[in-house]
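> task: produce atomic coordinates for the following.
(2 chains)
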Amino acid sequence: MMASSMNGLLPKGMFGRFVKALLPTALIWFTGSVGVGAMDAETLVVSSFNYMRGKASISTVEMVIHRPDWERRMTIKAWTKGEKESLLIITAPPKDKGNGTLKKGREMWIYNPKVNRVMKLPPSMMSQAWMGSDFSNNDLAKSDSLIYDYSHRVIETEINAGKKVYHIESRPKPDAPVVWGMLKLKIREDLILLSETFFDEELKPVKVMTTLEIQLLGGKLYPKVWKMQKAGTQDEYTLLDYKALSFKPGLPDRFFTVSNLKTIRR
Amino acid sequence: MYLQLAWRNIWRNPRRTTVILLAIIIGVWSMIFENALMRGITVGMIKNSIATLTGHIQIHRRGYRSDPVIENSITEPEAVIAALKRILPPGTQWAARVRVNGIASNARHSSGVTLVGIDPASEAKVSFIGDAIAGGHQLQPDDPHAIVVGEALLDKFETKIGHKLVLMSQDTNQEIASKAFRIVGTFKAEMQSTEKQFVFITRKAAQQMLKLRQGLSEVSIVLPDQQESGVASRLKAILSPNGYEVNTWKELLPFLRAYLKLLDVFVYIWSLVIFIAMGFGIVNTTLMAVFERIREFGLMKALGMKPWWIVRQVLTESFLLLIIGIIMGNILAFLTVLALSDSGIDLSALAAGAEFAGMTRVIYPIVSIKDWSIANLLVMVLGLLICIYPAAKAAKFTPIEALAYT
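The predicted structure follows:
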């Protein structure tokens, strides 16, 4: 579902099959906006997706869940590798410390240190909120859905602060098991995702994700703050704020295992 | 002579007689009508439960009933179907289904549902879904993306016919299977909970989505007559050794069965309560009549009437009152039931409350011979029994006492 929302939380690596897609991207780096203009929407989305993820990453994120009458903050340490694997551990507040989520492919496990149990998420829990935020378990598990389940089309371009911004309309492929009627993406010419809007089948917006404070993070330009907001509300949102982010060439496979989910305490 | 005397006696005070008659009529009417209503509720519940994907007999793989997961499905349905063809009497309808729990979601909502994969043609003859389509159209057997949902679910999900619904469930490889369906029709059911619980897709689509191949979850059988126990035991003899479970609806719906028993007892208690209220009225009025006529009884005794004859006299009067009341009460009750037999009592306005009690939206009162005779016998026998008290009182007066009484 919300692929790029997770890209933010879990920057991921490029894969062999995307190398082809990335070649034009590399060209763009050097040729500038002219090259981007020549790129089709599909390539643009895939390139952006991969740019936001990197090969592997370690990050510390502060998540703020804001509601009209309360607000909750937690700090998450995240390891990601490729597009399939990620491991999230909550490090603060002490009440939630040690709670972990492991994602491999489209399967997820959660670990609760209080009962010392690892549970594989059943389908019935996939559409529930992850840790009470505006992200659902599905958003994490199906983060690559944006690439596989949609067909993309550039509908307009604009110049914002000297950079070209592509407005992309993504429609789900006929048989794709996605609930959204349409997505609208805004991608800057340097492949940074600016916003993603989720529409229902009546094409009314349901929720909006925006990225803010684009700056140098982990060696490349990256949005520091990600905000997921329900459409039509001002005070119901979830913020992800990157406190630290570093991209790695790789992480060992054994890192993303159920046993590590239980033992990792950092 | 008793009869003639009694008849004239009861009309000596027409107003009092009318009041007591009214009490009896209302009592008898409410007993018969109330019982008919109770029967109507239970018959409605049974019919509804059998039509709501239960049937008279069901066949499962052993273990499915306690744990309805995909691993407990019937993997080789050929053996079961062969047994069915051999044993089922002519006129029997049966349907094979895939039935698992899953999650339905669209952009705004998601909720747990029971995903049912059906063969539309054979299912129509077995369960309610055949003639329950309220909007759009019925499933077509060759449409792999069609889904039929309840009206209530449609409202809950704020969606409409033609829109998409994504179903998620666990497949046979323990992985999460999800597939997008398009709503082609809606159904209306007796209960809102049924409309919210079940979503129907084609059997093939379900088998493909869940990687079941030819696998089934259950086979549901509806017999032409309700003689399910014989057929069930014959099926059991063949299928039980092979790891299948054969159950009749009475075993499948233990709660309903207990509820029916409870209602049976409740009918008696209710009748008794009505009778006690009515009985006090009868005794009171008869006693009044007796005291009014003390001098008359004294005179009769002085003329040589035996106490027993006086008891007989008073009881005959009560008997006449009771029989008139019962006949009129019966007529009234039958008229009421007849008037309601077409339209029934529509509880749609109170549907939420009725559903809580497990009742259907419309109640059709049903009079059973058993309930009817119980009500009438109860009023007649107990009515006469309690009238013995005033009658004995009347017989006890001596002529001297009667003369002294003013």
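> drop to CA atoms for contacts and neighbour counts, all remaining ones
Noted.
> what's next to stretch B:86-97, contact-wise?
Stretch B:86-97 is touched from outside by B:116-119, B:122-123, B:125-126, B:203, B:216-224, B:231, B:234-235, with contacts defined as Cα atoms under 8 Å, 6 or more residues apart in numbering or on different chains.
> get me the contact residues on the stretch 151-266 of chain A for chain B.
A:175-181, A:199-201, A:206 (Cα under 8 Å from any Cα of the partner chain).
> now the helices for the stretch 51-200 of chain A?
Counting by DSSP state H, counting those that start in this stretch, the stretch 51-200 of chain A has these helices, from start to end: A:137-141, A:145-148.
> picking that back up, inside strands: which ones of the contacts of stretch B:86-97?
When the contacts of stretch B:86-97 are checked against strands (DSSP state E), the matches are B:116-118, B:218-222.
> which stretches of the chain have low pLDDT?
You didn't say which chain, so I picked chain A. Within chain A, the segments meeting pLDDT under 70 span A:1-39, A:123, A:265-266.
> switch to chain B, please.
For chain B, residues meeting the criterion pLDDT under 70 lie at B:351, B:357, B:406.
> and if we set it to 80?
Within chain B, the stretches with pLDDT under 80 are B:1, B:225-227, B:347-361, B:405-406.
> got a list of what A:Gly218 touches?
Each residue near A:Gly218 by Cα under 8 Å, 6+ apart is listed here: A:244-247.
> how much space separates it from A:Arg53?
Taking Cα to Cα, to the nearest Å as the measure, A:Gly218 falls 11 Å from A:Arg53.
> same thing with A:Met108?
Looking at A:Met108 against A:Arg53, where the rule is Cα to Cα, the gap reads 19 Å.
> quick revisit: could you export the ones in strands among the contacts of stretch B:86-97 as a markdown table, including neighbour count?
Formatted as a markdown table, these follow (neighbours: other Cα atoms under 10 Å in any protein chain shown):
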| residue | neighbour count |
| --- | --- |
| B:Val116 | 23 |
| B:Gly117 | 24 |
| B:Ile118 | 25 |
| B:Glu218 | 22 |
| B:Val219 | 24 |
| B:Ser220 | 24 |
| B:Ile221 | 27 |
| B:Val222 | 23 |
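> those: which ones sit near chain A?
Contacts with chain A within the ones in strands among the contacts of stretch B:86-97, as defined by Cα under 8 Å from any Cα: none are present.
> can you list the residues of chain B near chain A?
If contacts are counted using Cα under 8 Å from any Cα, the residues of chain B sitting beside chain A are B:102-103, B:105-108, B:110, B:112, B:163-170, B:175-176, B:178-180.
> which of A:Met108 and A:Arg53 has more neighbours?
When neighbours are counted by other Cα atoms under 10 Å in any protein chain shown, A:Met108 and A:Arg53 differ, and A:Arg53 comes out ahead with 25 against 22.
> can you name the residues that contact the residue of the stretch 201-350 of chain B found nearest chain A?
Using Cα to the nearest Cα, the closest approach of the stretch 201-350 of chain B to chain A is made by B:Met209 at 11.3 Å. Applying Cα under 8 Å, 6+ apart, we find B:Met209 in contact with B:171, B:177-179.
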